[in-house]
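below: sequence and its predicted model.
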Amino acid sequence: MKTILIISNSMDIHADLISPIFQKKDQTYFRINLDQFPRDYKILQKYTGKVSKVIIEHIPSGNFIDLNTVGAVWNRRPAPFSFISNDLLNQELAFAKQETEQALFGLLYPLDCFWVSHPVALRGAGWKGEQLNRARNFGFEIPASLVTNCPEEVLKFKSLIRSDLIFKTLSTADLASGSVEDNERVTDGLSTVIVDEEMMENLDAVREIPCHFQEYIQKKYELRVTVVEDAVFAAKIHSQDDERTRVDSRDMSAEILYEATELPEHIKDRCLSLIKSYDLNYSAMDIIVTPDDEYVFLENNPSGNFLYIQQLIPEFNILEKLAATLSREVECRT
């Protein structure tokens, strides 16, 4: 019987909640928590002649998986590796991470199975500047955008747009807080913000790293569009009903309405075409609908969270759809 491989971390509630669904289906699965890898795992990759043996064992439980039996992979969430020694020197730690990454993905990349989604596809889909260009090529409107480390270019850009200027991160809104120890963390993150006069007076800081600026798009409401294979779950977010979410809807302290909605057929087709162009079987897109009912693409999140959407819109069955898709693909390969 073929097995589903889940790649995530020990804090991922998405992976926690899909496990009982697999158990009810009598579907075998094996989970790798990257924040405990390789510390709590034993790996073996051996080639002798035309025979290959590729095993990953979870040491505390004794459970193991023969990667030759994998029929589908849910490549859910990355996490920093963990090692037996906590006192590795900086160079030792850097080398340990590189060797572990080589070893792990040397095991995983050869898997000829169904992926949600393959690391190569995820990597290619994650560049925000490229996303904007591709979305425009698929017919989406996009905000006027600027990525630069030149303060003078920011001034020119601001003079060209007719709305407020916003700043948003390119990589992660948590400002890499998850990549450092607790005692080294200086902030938990930064929301999308409108650039005010004080920020304009300190534009020299832009010289330090490339920064991402966009024109502020007026919103009627926002959409979180989650795609699982060919299924589209469109969540209408009433972000303009609360001051805390007018600029950035990710402030979950505001009890704004989330509701299911149907996309116009041409917008749905664009979303599916965009996702499929990256060879993704899952993704989550953020889209603005303007007061003039124009759909403006913001970004694509190839490993974006979806559980909060399902919790806020109970009729959505994203987790169940994902589990059914993975199980079906495993059966096809049994």
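That came in fine, so what should we check first? Residues are numbered from 1 along each chain as shown.

ranges for the helices of the stretch 51-200 of the chain?
90-108, 119-125, 128-137, 151-160, 197-200 (DSSP state H, counting those that start in this stretch).

what's the closest of those helices to residue 230?
helix 119-125 (16.4 Å; C-beta to C-beta). Every C-beta, even on glycine, is put in place using the N, C-alpha and C of the backbone.

buried ones in that closest one, by neighbour count?
121-122, 125 (16 or more other C-beta atoms under 10 Å).

now swap in stretch 293-300 and tell me
In stretch 293-300, counting by 16+ other C-beta under 10 Å, buried: 295-300.

cool, and stretch 312-322?
Buried residues in stretch 312-322 (16+ other C-beta under 10 Å): 312-313, 316, 318-319, 321-322.

what is the nearest of these to residue 6?
residue 322 (10.9 Å).

three-state assignment of the closest one?
helix (DSSP: H, G, I helix; E, B strand; the rest coil).

how near is it to residue 114?
Distance, residue 322 to residue 114, by C-beta to C-beta, to the nearest Å: 12 Å.

got it, and residue 41?
In terms of C-beta to C-beta, residue 41 sits 23 Å off from residue 114.

more neighbours, these two?
residue 114 (23 against 18; other C-beta atoms under 10 Å).

any idea what that one is bridged to?
residue 72 (DSSP bridges).

show me the contacts for it.
The contact partners of residue 114, taken as C-beta atoms under 8 Å, 6 or more residues apart in numbering, are 71-73, 281, 326, 329-330, 332-333.

next one, pLDDT for it please.
The model reports residue 114 with a pLDDT of 96.

residue 174 now?
pLDDT at residue 174 comes out at 62.

residue 270 in helix, strand or coil?
helix.

what about it, how many neighbours?
Neighbours of residue 270 using other C-beta under 10 Å come to 20.

check residue 100 too.
Residue 100 has 18 nearby residues by other C-beta under 10 Å.

look up the closest residue to it, ignoring the ones flanking it.
Distances taken as C-beta to C-beta, 6 or more residues apart in numbering put residue 81 closest to residue 100, at 5.1 Å, once the chain neighbours are dropped.

which residues touch the one you found?
34-35, 37-39, 96-97, 100-101.

low-scoring stretches of the protein, by residue?
By pLDDT under 70, the low-scoring segments of the chain are 173-189, 334.

right, and residue 231 touches residue 321 too?
Yes: counting by C-beta atoms under 8 Å, residue 231 does reach residue 321; the two are 5.4 Å apart.

next one: the closest residue to residue 136 other than its chain neighbours relative to residue 243, how far apart?
Nearest-residue entry for residue 136: residue 142, 5.2 Å, with adjacent residues in sequence omitted and distances by C-beta to C-beta, 6+ apart. Applying C-beta to C-beta, the value for residue 142 to residue 243 is 26 Å.

between the two, which is the more surrounded one?
residue 142 (18 against 9).

quick check, the more buried one in contact with residue 132.
Yes: with contact defined as C-beta under 8 Å, residue 142 reaches residue 132; the gap is 5.0 Å.

okay, and the common contacts of these two?
By C-beta under 8 Å, 6+ apart, the residues touching both residue 142 and residue 132 are residue 297.

which helix or which strand is home to residue 300?
strand 295-301 (DSSP states H and E).

any idea how far that strand is from the chain center?
The chain centroid and the centroid of strand 295-301 are separated by 13 Å under C-alpha atoms, centre = their mean, to the nearest Å.

and it, what does it pack onto?
Here strand 295-301 touches helix 128-137, helix 265-277, strand 282-289, going by 3 or more C-beta pairs under 8 Å, 6 or more residues apart in numbering; DSSP states H and E.

how's this structure carved up into domains?
Domain segmentation of the chain under automatic domain parsing yields 3-117+323-332, 144-215, 218-302.

what about the first one, how long is it end to end?
With C-alpha to C-alpha, to the nearest Å as the measure, domain 3-117+323-332 spans 12 Å from end to end.

now do the contacts for the residue lying closest to residue 77 once chain neighbours are set aside.
Leaving aside its chain neighbours, residue 77 sits nearest to residue 8 (4.6 Å; criterion: C-beta to C-beta, 6+ apart). Residue 8 makes contacts with 14-15, 31-34, 74, 76-77, 79, as judged by C-beta under 8 Å, 6+ apart.
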